[in-house]
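Q: Just a sequence and a predicted model for now, questions to come.
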Amino acid sequence: MTVVSNTSPLNYLVLTELQHVLPALFGRVLIPGAVFRELSSPAAPRQVAEWRSNVPEWLEVREVSQIPPDLLQLGAGERETIALGHSVDATLVLLDERRARSMARVRGLAVSGTLGVLDLAAERRLIVMSEALDRLQRTTFRAPPRLLRQLREKYVS
């Protein structure tokens, strides 16, 4: 399985201390150079910058040389994630931003995001969903309250 991630899912999984689900679910995760640079930005949360300074073995950085012109309207991380996902024939790309997700789907890419990763991890009993959502809601992550409520209810014992 080839998975390519944008900055946001990595950021929120690190902030919630749930990044361990990525290699458990997918083995290896690819990120484009722009995502690596965004994780290294002075604006990145301290916890994310610390994690990035000691890149885990399951995370592989790949530079992207060609960006289709229609992707230039997206942020650097999103456009490189989609371009890399397309070039490696990714099984899945991880994107949270709605416009980027739509553009990835137009290219035939399967898309998930932070909540999708948590849902899959909960299905496989790698996490407790209510605890994961509690942690996520203490960050700047935003999602429709209805969606968060549905995920909580899905995993009520």
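A: Yes, it's here. Residues are numbered from 1 along each chain as shown.

Q: Could you check how far the lowest-mean-pLDDT helix or strand in the chain is from the centre of its chain?
A: Using mean pLDDT, DSSP states H and E, helix 46-52 stands out as the lowest-scoring helix or strand of the chain, at a mean of 91. Helix 46-52 sits 15 Å away from the centroid of its parent chain (C-alpha atoms, centre = their mean, to the nearest Å).

Q: Kindly report the same for stretch 23-31.
A: Distance, stretch centre to chain centre, for stretch 23-31: 11 Å (C-alpha atoms, centre = their mean).

Q: That one: which residues count as buried?
A: By neighbour count with 16 or more other C-beta atoms under 10 Å, stretch 23-31 contains the buried residues 25-26, 29-31. In this view, the C-beta of every residue, glycine as well, is placed from N, C-alpha and C.

Q: Repeat that for stretch 119-131.
A: Those buried within stretch 119-131 under the rule 16+ other C-beta under 10 Å are 119-122, 127, 129.

Q: So which elements touch the helix or strand hosting residue 122?
A: Assigned by DSSP states H and E, residue 122 belongs to helix 114-123. Judged by 3 or more C-beta pairs under 8 Å, 6 or more residues apart in numbering; DSSP states H and E, helix 114-123 is in contact with helix 7-15, helix 21-26, strand 92-94, helix 129-136, helix 145-154.

Q: In PDB, list the C-alpha atoms belonging to it.
A: Taking Å, rounded to 0.1, in the frame of the first residue of the first chain, the C-alpha atoms of helix 114-123 are listed here in PDB:
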ATOM      1  CA  THR A 114      -7.200  12.900   9.800                       C
ATOM      2  CA  LEU A 115     -10.700  11.700  10.800                       C
ATOM      3  CA  GLY A 116     -10.600   8.800   8.300                       C
ATOM      4  CA  VAL A 117      -7.300   7.700   9.700                       C
ATOM      5  CA  LEU A 118      -8.700   7.700  13.200                       C
ATOM      6  CA  ASP A 119     -11.800   5.900  12.000                       C
ATOM      7  CA  LEU A 120      -9.700   3.100  10.500                       C
ATOM      8  CA  ALA A 121      -7.500   3.000  13.600                       C
ATOM      9  CA  ALA A 122     -10.500   2.600  15.800                       C
ATOM     10  CA  GLU A 123     -12.000  -0.100  13.600                       C
END
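
Q: quick check: angle from that helix to helix 129-136?
A: Per axes from the mean of the first three to the mean of the last three C-alpha atoms, to 10 degrees, the angle that helix 114-123 makes with helix 129-136 is 150 degrees.
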